[in-house]
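Peer 1: Can you look at this prediction? I've put the sequence above it.
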Amino acid sequence: MTTAERPVSSALFVGADLKYMIDFRAPLIAAQTARGRPVTILAAPTPDFDEGAVQRLGARFIPWPLRRTALNPIADLPALADLWRILRRERPGLVFAHAVKPVIYAMILARMAGARTRVAMIPGLGYAFGRDGGVKAGLVSMTAQAAYALATRCASLVIFQNTDDRNELLARGALSPRTATTVVDGSGVDVERFAQTPLPDGPAVFLMTARLIRDKGVHDFVEAARRVRAEAPQARFVLIGAPDANPNSVTETELEAWRREGVVEIRGQVADPRQAFADCHVFVLPSYYREGVPRTNLEALATGRAVITCDTPGCRETVRDGVNGLLVPPRDPAALAQAMLALARDPARVQAMGRASRLLCAERFELGTVTRATLSAMDRAEISQGGADA
């Protein structure tokens with residue numbers, strides 16, 4: 001009997017917030033429900049909660065009062081108590097957790113509750129594993145490291161989105177060499193929804209769309225734009241995104257100052273970024289956040305755009321330097337400006353890089369391919385734990 005034909009127990013998907021789970025894990029959830037597996041999504045509700053989106057996946061939703069950015073674990077006690085009650089009531093055979101806190105809490109409690117297969121997906125190590133930030137950031141990093149060490153030992157499988165993150169946790173002792181791991185190519189991108197589009201006419205337009213936090217390189221983008229404009233005044237720079245609850249978020253005061261300066265066009269948050277990609281020539285993400293594989297980079301690849309990004313974990317996965325884009329050192333707005341200026345002066349190179357981006361996307365990051373690889377890894381984890389019985 002094949003994996004798809006075996007009777008399956010219920011699954012619990014645990015995430016930080018519902019929108020993120022729907023945006024990033026919907027194909028994986030749909031693949032599970034297509035097998036006849038009952039799936040419950042446990043996550044914090046979001047203002048734009050769409051109950052229909054959950055129903056269309058064949059799943060159900062249970063609100064979970066997790067505070068994504070709270071650093072005091074006492075603040076999470078209500079969420080922990082709820083998670084324990086739900087695990088004991090639902091008795092899922094498979095627990096899948098995504099993002100830092102859900103991975104830590106769900107892996108530990110799911111093992112205690114007797115869930116047979118426990119899968120952790122770590123889509124980047126993020127703020128907690130940054131290299132800068134002083135004493136407070138160091139304490140956060142030490143706490144996260146200890147928590148990951150316990151959580152990954154409770155997991156049947158840990159899925160990473162780049163090898164750098166796996167190696168980092170191994171080196172820090174936060175991942176046992178005995179724990180089963182695999183690496184998948186990010187979350188994938190729908191290459192039909194993000195279709196390749198022709199480059200617009202006119203001077204170079206550089207786009208950055210991201211959560212507006214310092215570690216995403218927002219300040220570096222703005223400073224690089226100033227430098228490029230001094231030599232290529234016709235170039236344009238567009239910034240899409242909104243301040244975040246992260247401790248390193250850009251402030252509204254900073255955004256207002258940039259608006260008044262006029263070097264960068266501040267667009268705020270947009271529901272659908274496809275038109276922004278169509279209107280730009282080059283996508284820029286100077287992130288040193290410890291990304292998994294940034295979805296925005298993949299969307300830029302799919303639409304056929306050259307990409308400038310940092311030579312950092314996750315980001316470097318999306319660029320073959322000099323082929324479909326340029327890699328620059330992190331925290332170096334001067335180097336970023338030189339890369340942007342080089343492409344602003346060479347439209348033919350930008351065109352060729354855009355074609356190479358689309359080919360790379362089809363080769364490695366197509367949504368169906370990535371989903372099947374992730375599902376296959378989960379199936380192997382279930383088989384190794386004795387299968388998924390009804």
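Peer 2: Noted; the coordinates are in hand. Numbers count the residues shown, from 1 in each chain.
Peer 1: now the helices for the stretch 101-250 of the chain?
Peer 2: In the stretch 101-250 of the chain, the helices defined using DSSP state H, counting those that start in this stretch lie at 134-153, 163-171, 218-231.
Peer 1: can you list the residues that contact the last one?
Peer 2: Outside of helix 218-231, the residues within contact range by Cβ atoms under 8 Å, 6 or more residues apart in numbering are 206, 208, 210, 212, 235, 237, 239, 241, 250, 258, 263-264, 284, 286, 331-334, 336-337, 340-341, 344. From N, CA and C alone the C-beta is placed, and that goes for glycine too.
Peer 1: swap in the shortest one?
Peer 2: Around helix 163-171, the neighbours that count as contacts under Cβ under 8 Å, 6+ apart are 122, 124-125, 129, 148, 152, 158, 160, 175, 177, 181, 183, 290, 292, 313-314.
Peer 1: where exactly do the strands run in the protein?
Peer 2: 11-17, 39-44, 60-63, 94-98, 117-122, 157-160, 181-183, 205-209, 236-240, 265-268, 282-285, 306-310, 325-328 (DSSP state E).
Peer 1: Kindly reformat those strands as TSV containing distance to Leu360, mean pLDDT and mean neighbour count.
Peer 2: What follows is these, written out as TSV (distance: least, Cβ to Cβ, whole Å; pLDDT from 0 to 100; neighbours: other Cβ atoms under 10 Å):
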stretch	distance to Leu360	mean pLDDT	mean neighbour count
strand 11-17	28	95	25
strand 39-44	32	95	23
strand 60-63	35	94	16
strand 94-98	25	96	27
strand 117-122	23	97	26
strand 157-160	20	98	25
strand 181-183	17	97	19
strand 205-209	18	98	24
strand 236-240	23	98	21
strand 265-268	27	94	14
strand 282-285	13	98	28
strand 306-310	9	98	28
strand 325-328	9	98	25
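Peer 1: CSV for those strands, including distance to Arg274?
Peer 2: Supplementary listing: the strands of the chain in CSV, determined by distance: least, Cβ to Cβ, whole Å:
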stretch, distance to Arg274
strand 11-17, 23
strand 39-44, 25
strand 60-63, 27
strand 94-98, 24
strand 117-122, 26
strand 157-160, 28
strand 181-183, 28
strand 205-209, 11
strand 236-240, 12
strand 265-268, 14
strand 282-285, 12
strand 306-310, 16
strand 325-328, 19
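Peer 1: quick one: which of those is nearest Pro73?
Peer 2: Distances from Pro73 to each of these were compared by Cβ to Cβ, and the smallest falls on strand 11-17, at 15.2 Å.
Peer 1: Within the sheet, what are the partner strands of that closest one, with directions?
Peer 2: Next to strand 11-17 in the sheet, as set by DSSP bridges, lie strand 39-44 (parallel), strand 94-98 (parallel).
Peer 1: now, among the contacts of helix 163-171, which is nearest to Leu77?
Peer 2: Checking those one by one against Leu77 (Cβ to Cβ), the nearest turns out to be Tyr148, at 20.0 Å.
Peer 1: residue ranges with poor pLDDT in this protein?
Peer 2: Applying pLDDT under 70 to the chain flags the ranges 1-8, 68-72, 127-128, 130-138, 140, 387-390.
Peer 1: No more questions from me, cheers.
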